[in-house]
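> For reference, the sequence and a predicted model appear below.
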Amino acid sequence: MSTCSTASATLGEPVEGTAAPARSWLLVEQPGPWGAKALRASRLDPAVGRALEAAAEGTGVRVGLIRRPGPHADLHRPSRHRVLLAHTAPRDPWIRTADLTDPGELTTLDFAALGAGAHGGFGEPYQDPPLVLVCTNGKRDRCCAVYGRPLAAELAAVGGSAVWETTHLGGHRFAPTMLVLPHGYAYGRMDGQHAKEVLEAARSGRVVLDGCRGRSAWERPGQAAELAVRRLTGEDLAGALTVTRGDEVPGGWTVHLSHTDGRSWLVAVARHAAEPPRPESCGAALGTPARMDVTTVEAVEDAVDPVGPLTTVTE
């Protein structure tokens, strides 16, 4: 039986511009099984999960559960939960970590401030970035478990404590999917060797473009635009490019990008429906997900001041 990921790959659907938008990530260790809506269907107190979902709504913070790669038949409730908090803005990315006995404490955080990049002194600096998250939640989509868990195990053998399984990164049809923090670049259709190359590049603050879905700090048009500029210029330093503005225009967007060396670009991004129809997740009805297609990249003289986020395109 065909899966959503094999259908997407067979149809040649591009992965660029498909990362789940999130300026900041709040990740809570919770071993054991996860349900499709993991924050409300795991061994985490569902009341805490619902409160975290509500607190994060509209703030730019994405909340997920994490666990170590390996067997997950454990029935114990951990006495302490590792919490990882990351911000993905290119000019000041960071990761903070803490161990909590009660994840309910996280509901008191200032989520709006977290989304804007202010950690408020939470935890301690994470000393050994990058972090790698691999989506493995088979209850949400079987492709994530079938393809994600072997990838997580293979990466853990070389990446050690830097590798975690996670509940949802969006885009099941691109499984196996992974996210690299603190820079926030998401990847799809990974195999073990290529994922190791991504991890090695991230250790020196660099981006591998093959299989890259985009940087989660940007909305989807900005992700596609940034990757197009990187391909044009050969720039692979993660902190070099910033999406400074996105203007919605008929049929798409005009995205402004700047480089730390003073260069800037205008990128035209068109929104198209992916044809022919395909399942966006296993068992779902056929659909035509939005594609972000870059049509032109134009160098300009002066950078544009930031004026706000790009219009959201949901996955």
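Perfect, I can see it now. Numbering: from 1, shown residues only.

> and residue 254, what are its bridge partners?
Applying DSSP bridges to residue 254 gives these bridge partners: residue 247, residue 268.

> Surely it touches residue 246?
Yes: Residue 254 sits in contact with residue 246 when judged by C-beta atoms under 8 Å, with a separation of 7.3 Å. From N, CA and C alone the C-beta is placed, and that goes for glycine too.

> okay, those two: which has more neighbours?
Taking other C-beta atoms under 10 Å, residue 254 and residue 246 do not tie; residue 246 has more neighbours (24 against 17).

> Need the pLDDT of that one.
Predicted confidence (pLDDT) for residue 246: 95.

> Repeat that for residue 307.
Reported pLDDT for residue 307: 40.

> what residue ranges in the chain score low on pLDDT?
Along the chain, the parts satisfying pLDDT under 70 run over 1, 72-78, 302-315.

> all helices of the protein, in order?
Under the criterion DSSP state H, the chain carries helices at the ranges 4-10, 46-56, 111-116, 142-159, 192-203, 220-233.

> Now the fifth one: buried residues?
For helix 192-203, burial by neighbour count (16 or more other C-beta atoms under 10 Å) applies to 195-196, 198-199, 201-202.

> Out of the helices of the chain, which is closest to residue 20?
Evaluated with C-beta to C-beta, these place helix 220-233 nearest to residue 20, the distance being 9.2 Å.

> How about residue 141: what's its closest non-neighbour residue?
residue 172 (3.6 Å; C-beta to C-beta, 6 or more residues apart in numbering).

> Now for that neighbour, how many residues are close by?
Around residue 172 there are 28 residues (other C-beta under 10 Å).

> before we move on, what about residue 40?
Around residue 40 there are 16 other residues, counting by other C-beta under 10 Å.

> thought it was touching residue 50?
Yes: the pair residue 40 / residue 50 is scored as a contact, 5.9 Å apart, by C-beta under 8 Å.

> is it true that the residue nearest to residue 141 touches residue 137?
No: under the criterion of C-beta under 8 Å, residue 172 is not in contact with residue 137, lying 9.2 Å apart.

> Now the common contact residues for those two.
Common neighbours of residue 172 and residue 137 (criterion: C-beta atoms under 8 Å, 6 or more residues apart in numbering): residue 144.
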